[in-house]
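Colleague: please find the sequence and the predicted model below.
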Amino acid sequence: MTTRDDHWEQVYEQKGSGGVSWYRPHLEQSLALIEASGAPLTARIVDIGGGASTFVDDLLDRGFTDITIVDLSQAALDIAQARLGARASLVKWVQGDVTTLDLGCAAFDIWHDRAVFHFLVAHEQRAAYIARACCSLRTQGHVVLATFAPDGPEKCSGLPVVRYTVGELQHQFGPAFELVAEASDRHETPWGSTQSFVYCLCNKALAC
């Protein structure tokens, strides 16, 4: 039986970075929400499922100095490291499952995730993810989260997903997280179809 790790290894080995539906040259909405959070360039940022995304390139270009990329797929991380060349040494790279990884307590100021959370279809997976986020994010830190919207696809990369409104996302994370800003996006895939995303910026106002 194929594990989640095996699935994503095969996806990136076969399709590379530009052949997956969620590929976008620049994550403009994510970058705008991080700017809205008021994070300084020294902010400790973790990108969950960052893999082969160019988000890390844009963060480095803007001068952020403390970036960690987490992904299930080593192949995805390898793609990003090869693309960055010498700049890859400026980034921390972690291969593993965010629902089980120990990323440390209060280790980050910004927790970013575009298109991982909606793959967690089991309650136990979501609870483990949120527990990790609560532990790893300092109080008064921020979550930038993007998932498929209610009119987004029901499956992605052959896997079922859960679609959310912004309110439903905030409810998942609980009362410790206060909604600061939200956005929506009609993402165009590399082959010209569209996918609806919702984004939220939440402040971790209380310990959890």
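Modeller: It's in. Just so it is clear, the structure is predicted and the values come from calculations on it, not from any experiment. Numbering: from 1, shown residues only.
Colleague: for the host helix or strand of Glu168, what is the distance to the chain centroid?
Modeller: Here Glu168, judged by DSSP states H and E, is contained in helix 166-173. Mean C-alpha position of helix 166-173 versus that of the full chain (CA atoms, centre = their mean, to the nearest Å) differs by 16 Å.
Colleague: tell me the helix or strand right after it.
Modeller: For helix 166-173, the succeeding helix or strand toward the C-terminus, using DSSP H and E, is strand 177-188.
Colleague: what lines up beside that following strand in the sheet?
Modeller: Under the criterion DSSP bridges, strand 177-188 sits next to strand 194-204 (antiparallel) in its sheet.
Colleague: buried ones in the partner strand?
Modeller: Along strand 194-204, these residues count as buried under the neighbour rule (16 or more other CB atoms under 10 Å): 195, 197-204. All C-beta spots, glycine's among them, are computed from the backbone N, C-alpha and C.
Colleague: how far is stretch 162-177 from where the chain is centred?
Modeller: Here stretch 162-177 shows a centroid-to-chain-centroid distance of 15 Å under the convention CA atoms, centre = their mean.
Colleague: list the contacts of the residue nearest the centre of the chain.
Modeller: The centroid of the chain falls nearest to Asp113 when counting by CA atoms, centre = their mean (1.7 Å). Residues touching Asp113, when contacts are defined by CB atoms under 8 Å, 6 or more residues apart in numbering, comprise 47-49, 143-146.
Colleague: the same query, at a cut-off of 7 Å, please.
Modeller: 48-49, 145-146 (CB atoms under 7 Å, 6 or more residues apart in numbering).
Colleague: what does the pLDDT read for the residue lying closest to Ser184 once chain neighbours are set aside?
Modeller: Spatial nearest neighbour of Ser184, excluding adjacent residues (CB to CB, 6 or more residues apart in numbering): Val198 at 5.5 Å. Reading off the confidence values, Val198 has pLDDT 97.
Colleague: quick check: bridge partners of Val198?
Modeller: Thr147, Ser184.
Colleague: same check on the one 5 residues further on?
Modeller: Listed by DSSP bridges, the beta-bridge partners for Asn203 are His142, Glu178.
Colleague: pretty sure it sits against Val180.
Modeller: Yes: contact between Asn203 and Val180 holds when scored by CB atoms under 7 Å: they sit 5.3 Å apart.
Colleague: related to what we said a few turns ago, distance of the residue nearest to Ser184 from Leu72?
Modeller: Remark: distance between Val198 and Leu72 (CB to CB, to the nearest Å) = 23 Å.
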